[in-house]
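Q: can you look at this prediction? I've put the sequence above it.
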Amino acid sequence: MQEDRLGFEYPVVDESACVSCGLCLKTCPVAGSPDLAYPLKAYAARSIDDGDYLTSSSGGAASVLSRHMIKSGGVVYGCASEGTDVRHVRVDRLEGLPGLKGSKYVQSRLSGVFEPLKQDLEDGRDVLFIGTPCQVMAIRRYAGKLSDKLYLADLICHGVPSGKMLKEHVASVSGGRPVGKLSFRNGNQFELALASGEEVIYRADSSRDMYYNAFMRGLSYRSGCYSCPFARPERGSDITIGDFWGIDTRSHPLPFDCNSGLSVMLPVTDKGKRLVEMISCDMKIEGRSVEEAVNGNSQLRCPTRNSFRGRILRQLYAHGLSFGTAARISLLDKKLRDIYRKIIGRR
């Protein structure tokens, strides 16, 4: 794998060593036509455990699924962060699950999980893998015939900035102080918060933080995210989870509160349906239409648009400008328009 100027890693083939076996194409998550299916059902849900619910990004679906898997003797592979190092890790004890909580708006590294995951499947253990749709498809194709014990949960993904972008931005706003913990969400509140030990050293909401601003506007993603084959209603996982945006609670109110977030669960396969049944006692769940879930979330319909602002940001960053400077320049027209509107509004 080699890193480009934006910090994204890409596979490079050593042509002198290649024997044209075709295995890279067979396991590549985006090669050929992906085998996708339309969700069987849709559910709005939240954890019945208030502590779990309030410390989760949305309704806690990923947390409840993970806890159930480990309690039943299985293993979970999910995304964790240690400072700005964001990667997938293996968890086989309940004590390790808090590290998987929270949204991470950056590309996580999968290096180091493939072989232990395959070994767990060969040992006959149930495995739950939670990741972005392209990561899920990579694991699905890698596992091959061992997939009977593999449960795949993909997240509704808008796109991913690179780890290089995040690390540079964090170093800039933290003043060089060591960062032990970062958080991108506090329930329904979108903010970037950095902590050193127990002390919060930086906090800014999504409109004021440049990294977050660029992410929310879809300016800093990997190039393939803008033509993602998985940003559609059809999915390649056993179950899709995420925020249930756009739910119509006025016409069809929920029988439970969801002030701190609400999960959507879209089972795609029979295994996905079994996962929902397994955790039904640990979640407040109501069935909704798949169309409601799809209509409320643009990433279940199409990829993020590759905007002119985004192209400016990535070009400037690739040619040596700092991430913060590149982001500010790319958003300059919006800043000027906001200032203009404020001046006009005072008259």
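A: Done, it's in.
Q: which residues in the chain form strands?
A: Using DSSP state E, the strands of the chain run over 2-3, 9-10, 42-47, 75-82, 85-91, 127-131, 150-155, 181-186, 189-196, 199-205, 239-243, 263-267, 283-288.
Q: what about the nearest residue to residue 245 once chain neighbours are set aside, neighbour count?
A: Nearest residue to residue 245, sequence neighbours excluded (C-beta to C-beta, 6 or more residues apart in numbering): residue 296, at 4.5 Å. C-beta: built from backbone N, CA, C; applies to glycine. When counting by other C-beta atoms under 10 Å, one arrives at 17 neighbours for residue 296.
Q: returning to that earlier point: out of the strands of the chain, flag the one nearest residue 335.
A: Go through the strands of the chain one by one with C-beta to C-beta and the one that ends up closest to residue 335 is strand 199-205, at 15.9 Å.
Q: quick check: buried residues in the closest one?
A: Buried residues in strand 199-205, counting neighbours by 16 or more other C-beta atoms under 10 Å, are found at 201, 202, 204.
Q: I'd say the last one and residue 192 touch.
A: Looking back up the chat, that one is residue 204. Yes - using C-beta atoms under 8 Å as the test, residue 204 is close enough to residue 192 to be in contact (5.8 Å).
Q: any common contacting residues for these two?
A: Jointly contacting residue 204 and residue 192 under the rule C-beta atoms under 8 Å, 6 or more residues apart in numbering are 173, 212.
Q: now distance to residue 106 and mean pLDDT too, for the strands of the chain, in CSV please.
A: Output for the strands of the chain, formatted as CSV (distance: least, C-beta to C-beta, whole Å; pLDDT from 0 to 100):
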stretch, distance to residue 106, mean pLDDT
strand 2-3, 14, 94
strand 9-10, 13, 92
strand 42-47, 25, 97
strand 75-82, 8, 95
strand 85-91, 5, 96
strand 127-131, 13, 98
strand 150-155, 13, 98
strand 181-186, 9, 88
strand 189-196, 11, 90
strand 199-205, 16, 92
strand 239-243, 17, 97
strand 263-267, 21, 97
strand 283-288, 28, 96
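Q: can you tell which of these is closest to residue 333?
A: strand 199-205 (21.3 Å).
Q: quick one, that closest one and strand 189-196 angle?
A: In terms of direction (axes from the mean of the first three to the mean of the last three C-alpha atoms, to 10 degrees), strand 199-205 departs from strand 189-196 by 160 degrees.
Q: convert strand 199-205 to CSV, retaining C-alpha atoms only.
A: C-alpha atoms of strand 199-205 as CSV (Å, rounded to 0.1, in the frame of the first residue of the first chain):
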residue,chain,number,x,y,z
GLU,A,199,-8.7,17.7,30.4
VAL,A,200,-10.6,18.8,27.3
ILE,A,201,-8.1,20.9,25.3
TYR,A,202,-10.2,21.7,22.3
ARG,A,203,-13.9,21.7,21.4
ALA,A,204,-15.6,23.3,18.4
ASP,A,205,-18.9,22.5,16.7
